[in-house]
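Peer 1: Sequence first, then the predicted structure, then my questions.
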Amino acid sequence: MGGISYCNQVIMEITGGDEEVGQDIIAPVRAIRAFYHFMIMDLYGDAPILARTPESGEVIDRKPRAEVARWIEEELKTVIPLLTERNDAETYGRPNKWMAEALLAKLYLNWGVYTCDDVTKVTNETSNNHEKLNDLVAVCDEIIESGIFEVGKGYRQKFFPNNGVQTKDFIYAMDFDPIAIPTKYVGGHQLDRFTTFKKANNCDVGPWGFTPSQSVAGAYILVPECVARFNLPGDERNQMILGGPQYVADYNNNYTFTDTPLMYQGQQVVYTQDFEWKDINTLDVGADSEAANIMKGYHLGKYPSIPEDYTDRDRFGGNDIPIFRYADILLTKAEAILRGATATRGDTPASLMNEVRDCSNAPHVEGTPTLQDLLDERGREFICEMWRRQDLIRFGQFENDWGWKNVVNPSAKTDLWRRLLPIPLGVMETNTNWSQNPGY
């Protein structure tokens, strides 16, 4: 909401409130404002439509989720013709035509969810044969036929610290740069710090071929259901799943894994996956953690570090994080066809999935994939790119018994209202006319 307010401020400064002034200049601002509305609507359901800065003391109401979705659609359709088609160093990380079209594709992909009157009634079938499926295919085709983007060859390198505008799979990305931005912490992220070995700074040589000069958090582990999806022979994406005996990778050589064991306290690090929820409650993040305890759980090696992240940047990395990818457009079109859209350009769900798989040398799909095949592929392809919650809700699997959530909260299987998040208390206290989301 703060981002929306800032966008509205910029729009007012440029146009002075005149709708005929500077529309081509403010089109990128309107596109990112639509993106902020999309995220609020996706997470919280009913949301305010803030197309202008409210007057002092003005009471703003939340609009029904479906109305917000339709407003976002019209806003994007209005600005897309005004946005540049350039996709280069000048537009990287900024809203252009392709970013707006990718956002429109996300909106259409989840259209059945967003326009359903009751989120607890959403099932996998809700997204079949809805009114925007063919529009979704048309948007995907616009991006495909631009010829600008490609999945490329080599999956892991897309997420290395030196990724950027040269990564042709990235339609829109968070351009993290802890060097260029002097304000502390603003420019980087700590994804690798929280996914690497907890005592990497005490290893003989760290996981990426250097010993971190500062402590490492290592608090994030993968649930077994996630690990099990990475099972395709020859698939380079499997290398991101760090389990069993660990070996040092060489950051100077594209993070190629060597035959040098990762050693901690005189023993090789061996990640184990078979443990109970009670063990997680006892995982000690302190300096005296037992070696066996901190090796519980498989880890994710998707956004590796370089030494400078620890020596110069207080553990903040510069790997750009993709928001919209070309691979997502291909799998989105495949899903639309499986759900009832008319196929175009000779594309089939299998051909589209295989184009994505070619990047990581995964085996081709034979025959027509199922929707479950597609969901599993999305789980492999977009791990740690923050779309999984949205995908599971669309496929009617958000309440499935994965991980330990149903051990902690057995009612999670039936609390369908948790598909929306609660409105934060501070927001509710400011907007006293709003009602909290059901269930909270």
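Peer 2: Yes, it's here.

Peer 1: For the rest of this, base every contact and every neighbour count on C-alpha atoms.
Peer 2: Will do.

Peer 1: got the contact list for the helix or strand of the chain with the lowest mean pLDDT?
Peer 2: Here the helix or strand of the chain ranked lowest by mean pLDDT, DSSP states H and E is helix 277-281, holding a mean of 73. By CA atoms under 8 Å, 6 or more residues apart in numbering, the residues outside helix 277-281 that reach it are 404, 407.

Peer 1: any idea which helix or strand comes after that helix?
Peer 2: helix 291-294 (DSSP states H and E).

Peer 1: which residue packs closest to residue 213, ignoring adjacent ones?
Peer 2: Excluding the flanking residues, the one nearest residue 213 by CA to CA, 6 or more residues apart in numbering is residue 310, at 5.8 Å.

Peer 1: check which helix or strand covers the one you found.
Peer 2: Taking DSSP H and E as the criterion, residue 310 maps to helix 308-311.

Peer 1: Now do the helices in the stretch 151-300 of the chain.
Peer 2: Assigned by DSSP state H, counting those that start in this stretch, the helices in the stretch 151-300 of the chain fall at 191-195, 224-229, 277-281, 291-294.

Peer 1: Just put those in a markdown table and tack on mean neighbour count and distance to residue 172.
Peer 2: Formatted as a markdown table, the helices of the stretch 151-300 of the chain follow (neighbours: other CA atoms under 10 Å; distance: least, CA to CA, whole Å):
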| stretch | mean neighbour count | distance to residue 172 |
| --- | --- | --- |
| helix 191-195 | 22 | 19 |
| helix 224-229 | 14 | 25 |
| helix 277-281 | 11 | 36 |
| helix 291-294 | 16 | 36 |
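
Peer 1: which one of those helices has the lowest average pLDDT?
Peer 2: Looking at the helices of the stretch 151-300 of the chain, the lowest mean pLDDT belongs to helix 277-281 (a mean of 73).

Peer 1: got the buried residues for the helix ranked longest in the chain?
Peer 2: Taking DSSP state H as the criterion, the chain has its longest helix at helix 23-44. The neighbour-count check on helix 23-44 (16 or more other CA atoms under 10 Å) flags 23, 26-38, 40-44 as buried.

Peer 1: which SS class is residue 389?
Peer 2: helix (DSSP: H, G, I helix; E, B strand; the rest coil).

Peer 1: which stretches of the chain form strands?
Peer 2: 170-174, 241-242, 244-245, 247-250, 256-261, 263-264, 267-268, 270-271, 299-300, 321-325 (DSSP state E).

Peer 1: other SSEs contacting the first one?
Peer 2: To tie it back to what came earlier, the one meant is strand 170-174. helix 97-109, strand 321-325 (3 or more CA pairs under 8 Å, 6 or more residues apart in numbering; DSSP states H and E).

Peer 1: Burial-wise, tell me which of those comes out on top.
Peer 2: Mean neighbours per residue, mean count of other CA atoms under 10 Å, is largest over the helices and strands packed on strand 170-174 for helix 97-109, with a mean of 24.

Peer 1: Output that one as PDB - backbone C-alpha positions only.
Peer 2: Extracted in PDB, the C-alpha atoms of helix 97-109 (Å, rounded to 0.1, in the frame of the first residue of the first chain):
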ATOM      1  CA  LYS A  97       5.300  -3.900 -22.200                       C
ATOM      2  CA  TRP A  98       6.500  -7.400 -21.500                       C
ATOM      3  CA  MET A  99       6.400  -7.000 -17.700                       C
ATOM      4  CA  ALA A 100       2.800  -5.800 -18.000                       C
ATOM      5  CA  GLU A 101       1.700  -8.600 -20.300                       C
ATOM      6  CA  ALA A 102       3.300 -11.200 -18.000                       C
ATOM      7  CA  LEU A 103       1.400  -9.700 -15.100                       C
ATOM      8  CA  LEU A 104      -1.800  -9.800 -17.100                       C
ATOM      9  CA  ALA A 105      -1.000 -13.500 -17.800                       C
ATOM     10  CA  LYS A 106      -0.700 -14.200 -14.100                       C
ATOM     11  CA  LEU A 107      -4.000 -12.400 -13.500                       C
ATOM     12  CA  TYR A 108      -5.800 -14.500 -16.200                       C
ATOM     13  CA  LEU A 109      -4.200 -17.700 -15.000                       C
END
